[in-house]
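# Sequence and predicted structure below; questions after.
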Amino acid sequence: MSGSPEVYSSGGSASGPAAAGPDDSEGRPGPRGGVFLRVLLPFALAYFLSYLFRVVNAVIAPDLVTDLGIGPADLGLLTAAYFISFAAFQLPLGILLDRFGPRRVEGLLLLLAAGGAVLFARAEGLWGLVLGRAGIGLGVAAGYMAAIKAYTLWFPAASWPRINGLHLAAGGLGALSATVPVEAALRVADWRGVFLGLSALSLAVAVVIWSAVPEKRPASPPEALSRPWRGIREVFGSPRFWRIAPFTVASQVAFMAVHGLWSGPWLRDVAGLDRPAAAAVLFWTAAAMTAGYVGIGWVTERLGRAGVAPLTTGVWGMALFMLVQGLLIFAPPGWAPVLWALFGFIGTAGVIPYPALAMQFAPALAGRVSTGLNVLVFVATFAAQWGIGAVIALFPPDVPGRYAPAGYRASLLLLLFFQGLGLLWYAVSPAGRADKKREKR
């Protein structure tokens, strides 16, 4: 954002400042009248769609394997293509949002998601699926960042935690919709029909964003393109960024790579559940995740009032998440429903470092801190989701058409190993020692 005076418009017509409530101390209008729903609801729908696309393969994986004859490594590759295209667009996305605004950027990107879903539905082989999945990832790449940009423009700072929690909960509802509802849809249509339906839904959400979301346009030319890139270099050159980034990335990778694909096959091959039972467990996992996103801001805020730094809360939460993963590896399969619900609930702790880390930088760099962290998370998730399939493929299956439980255990242990390294680095890094010295003074 250039900091220049702004004029107000909604779509192509002027709405004027009167559409919003009183300004806060930073000049942002309060959510009076219809602006609250016109901003929150459309971007929440886009994030709902993003999460639905992200995790739907956990339910349709058996159909993809049966129809196309692909192995676990290929299944991981095609599903992970979402993450690599998503990640590749994060850094330019922040610049585009600042220059063109969240309404136009998000609305156009969802058209790409719709096209990617059609390509995925029509694919007859692995590479068609990969290209379609990559198009989807690119199309929903702004699901969170465009919303954050819009919320900071339209709502006062005091309401950001509440708005952010509601937005994240919409993602949880998307994950919920990718479980039992998708399983029910597969009884009347195949996976291709499901993706054609998702394409139509993407188009509908794009129309809602273009027609309903108000827009703030800079009255003066945007800043030179070189300035945002200098800020990105500053973020990636900061020891404070790299103190928490490895642990956050490892935690988020374990959460997204497993929940987004391998949770469904795990429930089939390790817990021995049939498809309806596995879909039910995934439903409650997503419900717990939704509750976690809603509650995480409240817990962090309360602990902050008690003197606990948000970053400390995030680190403890991610450490508890490691414990849950350990139980998934070693506990009896009968514990699966409870452990997966805990996986969904506590796994959300990995989002706490995003705002906590941004607060350690100048406000002008906050967006680039988040997108920079997102790049690392999604690139690593691409590698992990594919890599888990490659590890599983190393273990001969005990039952034809299923994967060996030992492969899942080896994969989860490897993910835990990287999280342990991240936690250790957080504890002993030079930036951490410098922070402790400053606190003692």
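That came through fine.

# where in the stretch 251-400 of the chain is pLDDT low?
Across the stretch 251-400 of the chain, the ranges flagged by pLDDT under 70 are 363-364, 366-367.

# can you rerun that using 50?
For the stretch 251-400 of the chain, applying pLDDT under 50 flags no range at all.

# can you check the stretch 1-150 of the chain too?
For the stretch 1-150 of the chain, the ranges with pLDDT under 50 are 1-33.

# Helices of that one, residue ranges please.
Counting by DSSP state H, counting those that start in this stretch, the stretch 1-150 of the chain has helices at residues 35-55, 57-68, 72-88, 90-100, 102-122, 126-139, 145-154.

# what's the single longest helix in the chain?
helix 275-305 (DSSP state H).

# Flag every buried residue along that one.
278-294, 296-297, 300 (16 or more other C-beta atoms under 10 Å). Every C-beta, even on glycine, is put in place using the N, C-alpha and C of the backbone.

# just stretch 61-79 next, same as before
For stretch 61-79, by 16+ other C-beta under 10 Å, it's 61-65, 68, 70, 72-79.

# tell me which of the residues you listed is nearest to Pro265?
Ala61 (5.9 Å; C-beta to C-beta).

# thinking the closest one is in contact with Gly264, fair?
Yes - the pair Ala61 / Gly264 is scored as a contact, 5.6 Å apart, by C-beta atoms under 8 Å.

# which neighbours do the two share?
Common contact partners of Ala61 and Gly264 (C-beta atoms under 8 Å, 6 or more residues apart in numbering): none.

# Dump the helices of the stretch 1-150 of the chain to TSV, plus distance to Ala306.
Listed next are these as TSV, based on distance: least, C-beta to C-beta, whole Å:
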stretch	distance to Ala306
helix 35-55	29
helix 57-68	37
helix 72-88	36
helix 90-100	33
helix 102-122	35
helix 126-139	39
helix 145-154	27
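
# which stretch among these comes nearest Ala185?
helix 57-68 (9.5 Å).

# That closest one versus helix 275-305: what angle between them?
150 degrees (axes from the mean of the first three to the mean of the last three C-alpha atoms, to 10 degrees).

# Give me the contacts around helix 57-68.
With contact meaning C-beta under 8 Å, 6+ apart, helix 57-68 is reached by 70-71, 75, 78-79, 125-126, 129, 178-179, 182-183, 186, 190-191, 194, 259-265, 268, 275, 279, 282, 401.

# That one versus helix 102-122: what angle between them?
30 degrees.

# CA atoms only for helix 57-68 - export them in CSV, please.
The C-alpha coordinates for helix 57-68 follow below in CSV (Å, rounded to 0.1, in the frame of the first residue of the first chain):
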residue,chain,number,x,y,z
ASN,A,57,-8.5,-35.8,-2.8
ALA,A,58,-8.5,-37.5,0.6
VAL,A,59,-12.0,-38.8,-0.1
ILE,A,60,-11.7,-39.4,-3.9
ALA,A,61,-8.2,-41.0,-3.8
PRO,A,62,-9.6,-44.6,-4.1
ASP,A,63,-11.5,-43.7,-7.2
LEU,A,64,-8.5,-42.0,-8.8
VAL,A,65,-6.4,-45.1,-8.1
THR,A,66,-9.0,-47.5,-9.4
ASP,A,67,-9.9,-45.5,-12.5
LEU,A,68,-6.5,-44.5,-13.6
